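[1] quick one, fold the following:
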Amino acid sequence: MNFNEMIDRQNTESVKWNWFEKDVLPMWVADMDFRSPESVVNALHARVEHGVFGYGLPPAGLSEILIRRMHERYGWQVSESELAYVPGIVTGFNLAVRAVCQPGDAVIFNTPAYPPFFKAPQYANLTAVANPLYKDSSGHYEIDFDLFEHQISSQQVKAYILCNPQNPTGRVFTRTELEKLAEICLRHNVIICSDEIHCDIVYDQRRHIPIASLAPEVSQITMTFMAPSKTYNIAGLHASEVIIQNAELNKRYRRTRAGISEDPNILALVAAKAAYEAGEEWLQQALEYLQANRNWLEAQFAQRIPGIRMAHAEGTFLAWLDCTGLGLEENPQKFFLEKARVGMNDGLDFGDEGALHVRMNFGTPRANLELAIQRMESALMRL
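    Residues are numbered from 1 along each chain as shown. As a prediction, the model looks like this:
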């Protein structure tokens, strides 16, 4: 697979490449610019050639592939009755908080946070509780467990939306951290809605740990959401899976989604099966390329734009950039969009902790990263 290939996406109804004006280099939404695995493309071709697209069922063997994947990767035993499909993880955790909360209850999540986390409680007439991560002297993000527990006990928190690997900071939480989070949630009867969409994008020999896999008692308070979308660059197909091992919780979730959300469409699930079944070689090559991009980007900021401090991404293909050191008089996202023609996510969309930050997507050919750094450096030199 040639991850350096430059693929023109501007005329393909791409949100990423059509959001800004055409002269802007888009480095924002979590959508990679790489061709999907050949196995996915071939499976979709074969299904399209059939020519009939009626109501569908999940492809035969998909559940078995996922069950085996959970066992082989995480030592996690999952059964078919505990597994369901959902058209997107955002849909999934919106349904999840409605299934376990009543109006007036609160939902907690770590900030800076993926923007839909703020909206899910709002849509369900719930209270959103932001639990800020804090940075140590090296810029590494950590969880304030004392604050986390205090907020839960004082604000009628019934659900916790965990994001691991964490978007936008790139943290991959350790077993010790996950055990502490789980212990607090168990003690206070808080349901964990775990967004693990970036679970396969981890670096430096790290291993992702599904929080539900820690212990049977943790699995009983957890809804786990995963997907092939980020892993294999098929996000636009909206295929995700949810694993709920508590039978009563599973029933409540299915009852909540009834009549509102069906399974992903037939092409999405065909792509998911092909990705999981035969995409491993592609994934390993992608991880090598992405890690090299991360390392290159860190070095470029350190050498050429030292006023930007990049959080060390342990996972995801997203760079969280602290622009405080630039001394800009305006929002950095606005500055780089207007003066450098580089389109990134505004850090404020991720909560108050995102002030003077931007999020950059490095899941793109190196040439795009080189152009982005060149444009950013030049814009700063003109100040």
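[2] okay, Met1: pLDDT?
    According to the prediction, Met1 has pLDDT 89.
[3] which residues touch it?
    By CB atoms under 8 Å, 6 or more residues apart in numbering, the contact list for Met1 reads Phe34, Arg35, Pro37, Trp282, Gln285, Ala286. Bear in mind the C-beta positions are built from the backbone N, C-alpha and C, glycine included.
[4] quick check, distance from stretch 40-51 to the centre of its chain.
    27 Å (CA atoms, centre = their mean, to the nearest Å).
[5] can you offset everything so residue one is 42?
    All right, first residue 42 from here; so that's stretch 81-92.
[6] now that stretch: average pLDDT?
    pLDDT averaged over stretch 81-92 gives 97.
[7] so which bits of that stretch are buried?
    The neighbour-count check on stretch 81-92 (16 or more other CB atoms under 10 Å) flags Val81, Ala84, Leu85, Arg88 as buried.
[8] kindly report the same for stretch 391-400.
    By neighbour count with 16+ other CB under 10 Å, stretch 391-400 contains the buried residues Phe391, Gly392, Glu394, Gly395, Ala396, Leu397, His398, Val399, Arg400.
[9] give me the neighbour count for the nearest residue to the fourth one once chain neighbours are set aside.
    What it means is Gly395. Leaving aside its chain neighbours, Gly395 sits nearest to Gly388 (3.1 Å; criterion: CB to CB, 6 or more residues apart in numbering). Neighbour count of Gly388, defined by other CB atoms under 10 Å: 24.
[10] for Ala101, same thing?
    By the criterion of other CB under 10 Å, Ala101 has 8 neighbours.
[11] mind checking how far it is from Ser120?
    According to CB to CB, to the nearest Å, Ala101 and Ser120 sit 17 Å apart.
[12] mind checking which of the buried residues of stretch 81-92 are in helices?
    Those of these mapping onto helices are Val81, Ala84, Leu85, Arg88, per DSSP state H.
[13] hmm, back to that, export the buried residues of stretch 81-92 to JSON lines and tack on distance to Gly356?
    Converted to JSON lines, the buried residues of stretch 81-92 look like this (distance: CB to CB, whole Å):
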{"residue": "Val81", "distance to Gly356": "22"}
{"residue": "Ala84", "distance to Gly356": "27"}
{"residue": "Leu85", "distance to Gly356": "27"}
{"residue": "Arg88", "distance to Gly356": "31"}
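[14] for the helix or strand of the chain with the lowest mean pLDDT, which outside residues touch it?
    Every helix and strand in the chain was compared by mean pLDDT, DSSP states H and E; the lowest is strand 175-176, with a mean of 94. Here strand 175-176 makes contact (CB under 8 Å, 6+ apart) with Tyr182, Glu183, Asp185.
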